[in-house]
Every structure is written in structure tokens, then in C-alpha cells.
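Undergrad: Have a look; sequence and predicted model below, questions after that.
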Amino acid sequence: MKTRTPLIAGNWKMNKLMNEALAFAREFKPLAQEAVHVDIAVCAPFTCLAALRDEFRGTNIRLGAQNMFYERQGAFTGEISPAMLLDVGCSWVIIGHSERRELLGETDGDVARKTRLALETGLLPIVCVGETLAVREAGRAATHVRAQTEKGLAGLAPDDLRRVTVAYEPIWAIGTGRTATAADAQEICAAIRATIAGFAGPAAGDIRILYGGSVKSGNIAELLKTGDIDGALVGGASLGAAEFAEIVRLARV
Ligand code: 13P
């Protein structure tokens, strides 16, 4: 029996204009209001955050961003600071998503700096790790993900670590319709927890580890039955209010 409250976080990626975001919020709010067994986050594009903050005020739905910069303020054209995200109503921030690592060159070092600053500022980071298909086929998935976890999180104090969520997202399962089996996902999530225990001891038992990669209402329950998966980071299936609400409803550990 897990004691960690499940977290279902939607990652809208680069989708939805303002009117679409508002339509989602108005449909989703009533569908999610009974979900007291689960924490809910919607990680929306920066442009929609202010409007969503107003829409979600007083509800059980928290707001998140999909990225932030690793400096507090200054001459960093086009970047966004953690204080700006807090200011616009965010509780959560996704850090080190594989799309940013692969397309925008984000490194483990960047992820470590961003995670540390998010915690210092008061945001809750969702730190993403995950292997490519080539790495998995070479039998190195666990080794790769353990190294990413260690580089991203090592050195954080246990009390800070407890506010971190890790999302295991195998790159070959993202947007492909190909979900890792619950057993495969569990194996890697257990390896992530063991890695954290190695440098942080018992705090590892309090950290939520999410699975991400083609999660939908049809597979969420099976994933959450495992010992170490505490929720999901949901891409495509978080774009529709009814489907995302169904995932939330079924998210019991
Ligand atoms: P999909 O759920 O669309 O596969 O995306 C997963 C993801 O990358 C969430 O961050």
C-alpha cells in the first residue's frame, strides 16, 4: 500500500491558444472537482497561464509551466524566471523534458541548476528522465536513467528532495502510442528510487515518481498498481478535458 498521494500532471506542450485553454478549463473543472484522492496539475504554455490561474482559482487544479531558466533575473532575452512563474500562479514546473534535451540541447547540468533554483524559489519541480530506443535496445536503460537522476538531483538536501517529483518518460513511448509495460516502467522507477536512496536515504520513500509516455485512461490503472509509480505526466491525452478527467478519476494507488 503506497502512502504517497498520486499526482496526475498534464503537459500540453506547444498546444492550445487562449480560447482553447479556457474552453478546456471550463469543461475540466466540474469533472475534476470530486477527485480528492489525487493531486492535479495542468502544465500549460506560458501565454495561457494568467487566464488559467483565474479560471482555476478556488479549485483543486494547480497550474504548472513547462520550463524555466536557471538564473533569477537579468539579461536573458526570451527566458522566463521562476519568480515570474510563481507570480502568474504556477505551483509546478517541468524541468528537463526530453523534447528540450533533444531539440534544444538542455544538459543534465542545466537540469540540476534549474531544479535547485526552482526549489529555492518555492516551485515544485517535475524533473524528467528517460532513455532513447537505442539505449533501451542496448540494455542500458536503467544505467542511463540512474545517471540522469543522479546528475539532476545529487547534492540536494533531503528536505528539498522531498519536494521534487521525478517523471520517467522513455523517449520511445512519447507520442507514439507505445506505452512501456507496467512491469518495465516499474523496474526503471524502482531503479530511480534506489538511486535517490543512495544519496538521500529515507527521503527517497517520500518522493513521487511519475510515468509518462502514451498514458491514457485505458492504461493508467495498471501503471499505478505497481509499487513505485505514483502518477503520470500526460501529454496528448491531457488535451481533452473528458479524457484527462477520466485519467484523474482512475488514478488510485
Ligand atoms: P504523450 O502522453 O503524448 O506520449 O506525451 C508524454 C509526455 O511527453 C509528457 O510529458
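TA: Arrived safely, thanks for sending.
Undergrad: As a check, name the ranges of all strands in this structure.
TA: With strands called from DSSP state E, the chain shows them at 7-11, 39-43, 61-65, 90-95, 124-129, 165-168, 208-212, 231-234.
Undergrad: so which of those is the most packed in?
TA: Mean neighbours per residue, mean count of other Cβ atoms under 10 Å, is largest over the strands of the chain for strand 231-234, with a mean of 29. Glycine gets a C-beta too; all of them are placed from N, C-alpha and C.
Undergrad: Just checking: what are the partner strands of that strand?
TA: Here strand 231-234 has these sheet partners by DSSP bridges: strand 7-11 (parallel), strand 208-212 (parallel).
Undergrad: Tabulate these in a markdown table, adding columns for mean pLDDT.
TA: Shown next, in a markdown table, are the strands paired with strand 231-234 (pLDDT from 0 to 100):
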| stretch | mean pLDDT |
| --- | --- |
| strand 7-11 | 98 |
| strand 208-212 | 98 |
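Undergrad: Make CSV out of these and add distance to the ligand.
TA: Converted to CSV, the strands paired with strand 231-234 look like this (distance: least, Cβ to the nearest ligand atom, whole Å):
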stretch, distance to the ligand
strand 7-11, 4
strand 208-212, 4
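Undergrad: Run through the residues that contact the residue in the stretch 101-250 of the chain positioned nearest to the ligand.
TA: Residue nearest to the ligand within the stretch 101-250 of the chain (Cβ to the nearest ligand atom): Gly235, separated by 2.2 Å. Applying Cβ atoms under 8 Å, 6 or more residues apart in numbering, one finds that Gly235 lies in contact with 10-11, 13, 174-175, 212, 215.
Undergrad: same deal with Arg53?
TA: Neighbour list for Arg53: 63, 88-89 [criterion: Cβ under 8 Å, 6+ apart].
Undergrad: Ok, Gln66 next?
TA: Listed by Cβ under 8 Å, 6+ apart, the contact partners of Gln66 are 11-13, 43-45, 93-94, 97.
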